[in-house]
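Colleague: when you get a sec, could you give me coordinates for this:
(chains A and B)
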Amino acid sequence: MSKKKRRLILLFLLFAVSNSFSQEADSVTTSSLFDLSLEDLMNVEIVSAVKQSQNITDAPSVVSVVTENQIKERGYLSVDEALNSIAGLDIITDHYQPNMGIRGINGGLRSWSRLLKVMIDGQSVSFRSNSDNYIDASLIPIEAIEKIEIIRGPNSALYGKNAFLGVVNIITKSGSRLKNASISHYLASINENSSFGLSTIWGGKREHIDFLFASSYAQIDKSGLTPYNVPGSNIYSEFDKAQDNEANPLSTFLKLTYEKENIGKIVFDANQQIINSHAEFLDWGTLTHNNNISIFNGYERLTYTKNFFENFNTVFSFAHASGKPLKHEILDTDADPSEWIERDVGYTSYDLSADVSYSFDEINNFSVGIDYTSDIHDHQKYYTVNSAGIRTLNPGGSEGIKNFNNLGIYLQMIFNAAEFFNFSYLNDLTLTAGYRFDYHNIYGDVLTYRIAAVYGINDKLSTKVMYGTSFNAPSPVQLYTNYIVPGGIVGNPDLQPERAKTLEWAFIGKIIDNLNFNTSVFYTEIDNKIEYLLPYGQTSNITAENVSNIYSAGIETELNANFYNNSAYLNYSYQKSILEKTDPVLEKIRINTPLYPSHMLKFGDIYHFHDYFVNINLEGKFISSRIASDQNNFIYDPINYATNRYELDPYFLFDLTISSTNLQIFNQGKTKISLKIQNLFDSNHYYPGFYNYDISGLGRTFYFRFTQYI
Amino acid sequence: MLVLVAGCENLEEDFNTPQYKNSIKIGVVGDVSVLREQVENMFFGAKLASEEINLNGGIEFDNETFHIELIFKNSGGSPEKGVEVTQELINNGIDLIVGPTFSSVAIEMAELCIENQSLMMSYAATTPELTFLNDNDLIWRTCPSDNTFGNISAQYAHDSLACNTAAIFYRDDRFGQGLSAIIRDKFIDLGGRVSNYVSFPGDITNLATYNFSYELNTLLSEEVDVIYIIAFTSEIAVLTNEIYNNNLYQNFQNKPYVFVNDGILAEELIVNGNPELLETVIGITSTNEGNSNYNRFKDNFVARFGFSPATYSEHAYDAIYCLAYAMLRANSSDPNDLKVYLNEISGMEQYGTQTEQITIDVNEFQVAKSIIQKGQTINYDGASGPINFDSNGDPIPKMVIWGIDNNEFVELSYYGK
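Modeller: Now for the predicted structure:
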């Protein structure tokens, strides 16, 4: 371990310990965190569907929630692990960053979860230069999360661009709710490499000030993995292994709240993500052993909330966000250390927003919001650097407008149909209508809207029908980048936003007291889907183009049950997605979308051994076969690659977590010890790759975690 | 809603596979897994020709109408693979083969075709070795030989650009060895001096990860007037950057010309090549923008595929047409019948034949068919220009020297008719 890393860890420990003693006494025992009833789970309040608090059953969206308890019980270490338990979400990885797909569609080459909008308390956290969302441990310390709200389906009518096929909103804890501080440390054996992580959280409330600070750092070593050859090729041998494939995600989160009745509520929050990865499996530089992708991404925000008039709620927000590579970033495309690549890229953004809502009563509500975003981009430019340190700008790409400005206005109305139409038999029907106008100086006007009807059949069942449109804006990198290596991706300044329209139906409720369900059916059409085209024609460079339409339909169903000492979940999703595009030889064809499995079955059960103060959690997932990437299918069949494609094998994965529930080793607070074994049966599984190989998943992995509450 | 979704035809796969009721199959072989963007483009040239022919009624003989069905095969840049796919085609009863792309694959494929009485017509294999095969008139090509390319490349640099010293950098395969030797010998014959003659491996799987420093430092150990680079398109773009990034080019007192071989993709080089070196890049091609038939082909190609044709696409296009016209003329698809008429349909004036020829331009299949059915002879002026197969099965082309000005290709000089 380098001196720098040791210093960093020491700093974490000192910081956490020195501050933790100032906190209030722990008033919630560790064991009680596991005692949320199913009723409570059913009655989870969410805010993401309409920007206001609602019960999950009333929300005019298909929503799933991962709670703080579930995160703890299941031993999730990062947001992507939590999301991977949700129906309709599929996460693949290149061991640099997770890439989340949704409802049959994955962003594909050089997309890291860019089909969804990821937010922390409503603030977008994407790296705006490329619209990617880094959802690994660098996103936010997992301890700071109160719950994760996941909306499958469009939400641009409320959130504007990139709330395209889904929204992930991470709701953070308040200091007052936290009650205690904790230090958590884990040691892991990943692919027989030792790794560790360290995280701290502390917070509390004094009079009108609520305070929360959390930080996490990990050193994750995934060395030793071997690229998995495309069937019929033998480019890589068993001796081609990832070396020093280390990632060091670092994340901090700070939230300060001042609240007084006559003044209102003022919140300052800040999030910093440091992505550090040797990234041995990237398409432009595989097993170079010299890559070091290092990026800073973060925001600071000031939010003011006040009810100026009765029933009027007003929220003003100002945020500054920025992101750029750090100085020590090296992008190496080959094993020759005498020459490497550096890049200039980054953004500085200012987000201003005002939301006003008027509540006529508990249900009827009218909202209007306006937001303005100014993104000042330093467009991505790659440079080749020689041993003398001379930087030569790589050719390709184009100069773009640096200032991206977007003005958005939305209107939203939630109303009871009986009152609105004066039909008493519609008393249990709530309608939501939303409309949003965005003007962007690069890609112009976009109108999005949604309508939804939620009908309470009885006190146990409700059903919803929803229709909405959404859009995904082209990122500055897609528009203007030059290439990293000759023949590599170059920008396309003519790109237009991807647009989607989605029809959904959901049925949610309780079958019996201890068993609830949430079933939804969807149909989505996407126009102008942006694809990185395989090179053909005049040039061998890959460019992003609006070339295809996607038709996707499917069903997602979730079951949650509490019985005896068990808390169990089971979800299943089936998705059928067709990509329609014009093939130069075959002309207009419709083919199954690559990269996404048709069937996913995910399940888990926690058994609480109360007498022994131990929980045992077993989780599993079945992922059906999926079609490999277009890039690899060209290797597989260079002639008929559009239609003759190979599939990656289906797989089962099981994770086992054993954790203590009411252990006290030190006088000052509870202790939690857990052992998690990921991929319990050491199953071989592979994720799609994009450069003549697929990517091996991790084998059996052990995490030993120690958490001390103070 | 489920029923609605289940019944939605948008959710069904549709490969739009063309259906042929009565077809004459032609194998089209190319090294697509090595030079994908370029070879696919050549395939599209052949595809365009077959579509035009089929759209215009197909081929008729023995009172039957036949459509042309192309069977594409990947020769993968290796003679073994080329022989394997050719044998597959022959085994499936296909004895007309258009291809391959690479000279390094062509000879072995040609030998197999000769042995099996199959007719092979390459659209991009420029090796002089093809010219002198004992082929029983079964081996043809629509692209010029490297003899022509090499001699003109040397002559233009020496005579027109006043270059007296040259360095030659070539890929170490049949194509690179052959063409570089022709340029070297001609340049020396003209009184020039070749200071360094250096090769690089022809089997580099990943250009981006190969370190060219040693070869390039050897190549440019002394100043020269012209650097010849014999390589594939993607390699040339990389090499221009490597030369620059190794501080070799910019330190020369007088910037040398960089003379590249035929078959270089325009956009590819402009997008990926080093901008400073591109100012002195010169190249050679057998196709020129001044040819109205090429422009007509290009327009049709762009309309069909949405992008411009690459070098040699026009030669692939012409190969299909030459075979189709020969079939019409021979009233047969038997290779031994066709080979008799290939000289004739491509223009036979140089052989002193007194028969009146009617010139057929690009995409005039119906006109040509009608003329041939009347017993008259045609002279197909192809997308690549007048073809005029010589007695060895090689075309007699017009050559163009080009350069780059302000990121646009410009034609500098012409050779031939």
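Colleague: for the rest of this, base every contact and every neighbour count on C-alpha atoms.
Modeller: Fine.
Colleague: could you report the neighbour count for the residue of the stretch 1-150 of chain A found nearest chain B?
Modeller: With CA to the nearest CA, the shortest gap between the stretch 1-150 of chain A and chain B falls at A:Gly104, namely 12.0 Å. By the measure other CA atoms under 10 Å in any protein chain shown, the count of residues near A:Gly104 is 28.
Colleague: just to check, it is in contact with A:Asn592?
Modeller: No: using CA atoms under 8 Å, A:Gly104 makes no contact with A:Asn592, being 9.5 Å away.
Colleague: contacting residues around B:Tyr170?
Modeller: Contacts for B:Tyr170 (CA atoms under 8 Å, 6 or more residues apart in numbering or on different chains) come out as B:Gly176, B:Gln177, B:Ser180, B:Val198, B:Ser199, B:Phe200, B:Tyr228, B:Ile229, B:Ile230, B:Ala231.
Colleague: what pLDDT does it get?
Modeller: Note on B:Tyr170: pLDDT of 95.
Colleague: ok but it is inside a strand, no?
Modeller: Yes: assessed with DSSP: H, G, I helix; E, B strand; the rest coil, B:Tyr170 lies in a strand.
Colleague: run through the bridge partners of it.
Modeller: According to DSSP bridges, the partner residues bridging B:Tyr170 are B:Ser199, B:Ile230.
Colleague: between A:Gly104 and A:Asn592, which contacts overlap?
Modeller: With CA under 8 Å, 6+ apart as the test, A:Gly104 and A:Asn592 both reach A:Lys576, A:Ser577.
Colleague: what about A:Tyr569, how many neighbours?
Modeller: 21.
Colleague: now the one 3 residues further on
Modeller: Using other CA under 10 Å, A:Tyr572 is surrounded by 20 other residues.
Colleague: what strand or helix carries it?
Modeller: strand A:566-583 (DSSP states H and E).
Colleague: what residues sit buried inside that strand?
Modeller: A:566-581 (16 or more other CA atoms under 10 Å in any protein chain shown).
Colleague: quick revisit: possible to save the contacts of B:Tyr170 as TSV with pLDDT, neighbour count and distance to A:Ile695?
Modeller: Shown next, in TSV, are the contacts of B:Tyr170 (pLDDT from 0 to 100; neighbours: other CA atoms under 10 Å in any protein chain shown; distance: CA to CA, whole Å):
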residue	pLDDT	neighbour count	distance to A:Ile695
B:Gly176	92	25	36
B:Gln177	93	16	39
B:Ser180	96	26	41
B:Val198	96	18	38
B:Ser199	94	21	35
B:Phe200	93	18	31
B:Tyr228	97	27	41
B:Ile229	96	24	37
B:Ile230	95	26	36
B:Ala231	92	25	32
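Colleague: quick one, what contacts the nearest residue to A:Pro60 once chain neighbours are set aside?
Modeller: Distances taken as CA to CA, 6 or more residues apart in numbering or on different chains put A:Ala452 closest to A:Pro60, at 5.7 Å, once the chain neighbours are dropped. The contact partners of A:Ala452, by CA under 8 Å, 6+ apart, come to A:Pro60, A:Ser61, A:Leu431, A:Thr432, A:Ala433, A:Lys464, A:Val465, A:Met466, A:Tyr467.
Colleague: for the helix or strand hosting A:Ala452, which strands pair with it and how are they oriented?
Modeller: According to DSSP H and E, A:Ala452 maps onto strand A:444-456. Here strand A:444-456 is paired, per DSSP bridges, with strand A:429-440 (antiparallel), strand A:461-472 (antiparallel).
Colleague: surely A:His208 meets A:Glu259?
Modeller: Yes: the criterion here is CA under 8 Å, and A:His208 meets it with A:Glu259 at 5.3 Å.
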